[in-house]
Structures are given as structure tokens and as C-alpha cells.
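Novice: Sequence first, predicted model second:
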Amino acid sequence: MTQVKALILTGFGLNCDHETALAFELAGARPYRVHINSLVDGTVNLADFHILAFGGGFSWGDDHGAGVIQAVKLKNHIGKDLLGFVDAGKLIIGICNGFQALVNTGLLPGLDKDYTRRSVAITYNDCGNFRDQWVHLTANSESPCVFTKGMEKADFPVRHGEGKFIAEPDVLTALQANGQVVFQYADATGSPAGGAFPFNPNGSLHDIAGICDPTGNIFGLMPHPEAYNHVTNHPDWPRRKQQLKGEGQAFGEQETIGIRLFQNGVDHIRERFF
């Protein structure tokens with residue numbers, strides 16, 4: 001069977017590439033970890049892939065702002081290739097630092113299908129420090145986002161110092177009206193956090209944790225779905241294990257919501273291209 005090919009960017013301080021590759025592999029894709037320079041010098045052709053992943057990490061040490069240098073380098077060297085990738089209906093996911101890079105390139109939010117204009121920003125956490133914690137998320141069922149199809153909520157970890165999503169009021173209104181707000185930080189009941197810390201760990205406006213473009217093919221989020229690739233990643237797994245034991249069910253065989261997110265993307269590509 002022809003495999004879905006996912007390109008995961010590496011190099012210049014990026015990390016989480018191994019975890020992201022594993023997540024795509026578990027979701028049924030064939031992952032390729034590719035150094036950014038291989039795209040820039042033409043050794044690797046972006047058009048040969050179906051999914052592009054901007055992973056987490058600290059590209060260029062976050063000098064000049066998180067994701068800024070990565071965005072400038074890619075936009076200046078392979079900007080046309082990126083736009084061609086988008087025009088072909090292929091998928092892009094940006095996680096944490098990758099999300100920051102996507103908004104800096106203008107690929108997100110892509111209002112009016114303009115993928116070159118920067119209209120939102122991700123800046124320093126209101127709490128003034130780096131946050132490393134698990135968060136609850138509520139998903140927008142009206143969103144066109146390919147990756148979150150069928151999801152109502154999720155738990156993922158965050159680890160960032162610059163995660164606060166901001167935009168002008170008219171842009172926020174447009175994002176909400178278009179269904180482009182995909183994930184919002186939530187409390188333990190699944191309701192939007194209303195800005196309350198630590199449920200909203202960074203002060204993001206409207207509790208925004210992830211957005212997509214109008215087509216739903218480009219998705220960026222601050223939490224790390226690739227870090228929930230096995231049931232024992234979740235801090236509540238011992239309680240869940242006992243609960244399943246009491247129900248007579250095996251533990252450890254369940255697919256996580258993190259892998260399901262990647263699976264949605266892989267399934268979409270199979271349906272569209274194969």
C-alpha cells in the first residue's frame with residue numbers, strides 16, 4: 001500500500017522531532033526527519049511529501065522572538081514551495097515553536113486565503129515564566145480542521161515561555177466566525193478557562209490554544225499532541241489503569257487522543273490522494 005509521507009523539520013535548535021516522527025508512524029504514515037537546510041538547498045523536495053510538520057523546540061534559540069528566524073529563513077528560501085504545498089491541498093501542522101513559526105510566516109491564520117500576511121502573534125506568557133504542565137482543551141466541533149475531526153476535548157502537555165495568543169479584535173472576531181479557533185484552554189469540566197490561570201497557562205486571548213486556516217488543512221497549536229503517544233504519558237494513568245481493571249478491561253492498548261489527531265491527518269490524505 002502506498003504510504004502517506006510526512007516531513008518533520010529538524011535542525012538549528014529544534015527538538016521533539018523524534019516524538020513527532022513516532023506519532024506519525026503510529027498513525028500509519030512514513031515519517032522523514034529532514035534538516036531545514038536540505039529543503040533550502042534543494043536536496044529534498046517538499047512536493048514529494050503529503051504532510052509537513054513544524055515541530056516543537058527552540059529554533060535558533062528563540063533569538064529575535066520564538067519562531068521568527070525559522071519563519072524568515074523558510075519564507076525567503078522556499079516560500080513559493082510552501083505556497084505550492086498549500087495550493088495542492090496538502091497538510092501542515094505546527095506544534096509549539098512550529099505554531100509560532102507558522103504565524104510568523106503568515107501561513108496562519110490565512111484569512112481571506114492570504115498565506116503571506118502576518119495578522120496574529122504569540123508572545124510572552126502573562127505569568128512571566130516558562131510553563132511545563134498538562135492542560136485541558138475543548139475542541140470546536142464547527143471547525144474545518146482536518147486534524148481534530150470528531151474531537152470534543154483533549155489533554156496535552158504544554159512547555160513554553162511564549163505561548164500567549166494575541167490579535168486585534170476584528171481578527172479575533174473573524175477567526176471565531178470562520179470556525180478557525182480549533183482548541184481553547186479549558187477547566188476540569190471542559191468549559192473554556194475564561195483566562196483563569198493555570199487552566200489557561202499563558203493568558204491567551206479567548207483561551208485560544210490552536211487555530212487553523214479557512215480550509216482546515218493548516219493547523220497550529222501550542223500544546224504537544226505528539227507527547228501523548230502512549231496511555232502512560234498522561235499523569236492520571238495510574239487511576240485510569242485501576243478503573244479499567246475494575247471494568248475487566250486491559251490497560252495500555254487504547255489509542256491516545258494525541259495519536260488520533262495525527263491519524264485524522266493521515267486518513268484525510270489517504271482519502272484525498274490515494
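Specialist: That came through fine. Residues are numbered from 1 along each chain as shown.
Novice: Send me stretch 197-207 as CSV with only the CA atoms.
Specialist: The C-alpha trace of stretch 197-207 is given here as CSV (Å, rounded to 0.1, in the frame of the first residue of the first chain):
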residue,chain,number,x,y,z
PHE,A,197,-4.6,30.6,35.5
PRO,A,198,-3.3,27.9,35.4
PHE,A,199,-6.0,26.3,33.2
ASN,A,200,-5.1,29.0,30.7
PRO,A,201,-1.3,28.8,31.2
ASN,A,202,-0.2,31.9,29.3
GLY,A,203,-3.1,34.4,29.1
SER,A,204,-4.1,33.7,25.5
LEU,A,205,-7.0,35.9,24.4
HIS,A,206,-10.3,33.9,24.3
ASP,A,207,-8.3,31.0,25.7
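Novice: Residue 180: what's it in contact with?
Specialist: Contacts for residue 180 were tallied using Cβ atoms under 8 Å, 6 or more residues apart in numbering; they are 109, 143-144, 174, 211-214. In short, each C-beta sits where N, CA and C put it, glycine included.
Novice: Would you quantify the distance from it to residue 27?
Specialist: Note on residue 180: its distance to residue 27, by Cβ to Cβ, to the nearest Å, is 23 Å.
Novice: now swap in residue 160 and tell me
Specialist: The spacing between residue 160 and residue 27, counted by Cβ to Cβ, is 24 Å.
Novice: Equivalent analysis for residue 257, please.
Specialist: To residue 27, residue 257 is 12 Å away according to Cβ to Cβ.
Novice: Same drill for the two, tell me which one is more crowded.
Specialist: Between residue 257 and residue 27, residue 27 has the larger neighbour count (other Cβ atoms under 10 Å), namely 23 against 19.
Novice: What's the separation between the more buried one and residue 105?
Specialist: Taking Cβ to Cβ, one finds residue 27 at 25 Å from residue 105.
Novice: That concludes my questions; thank you for your assistance.
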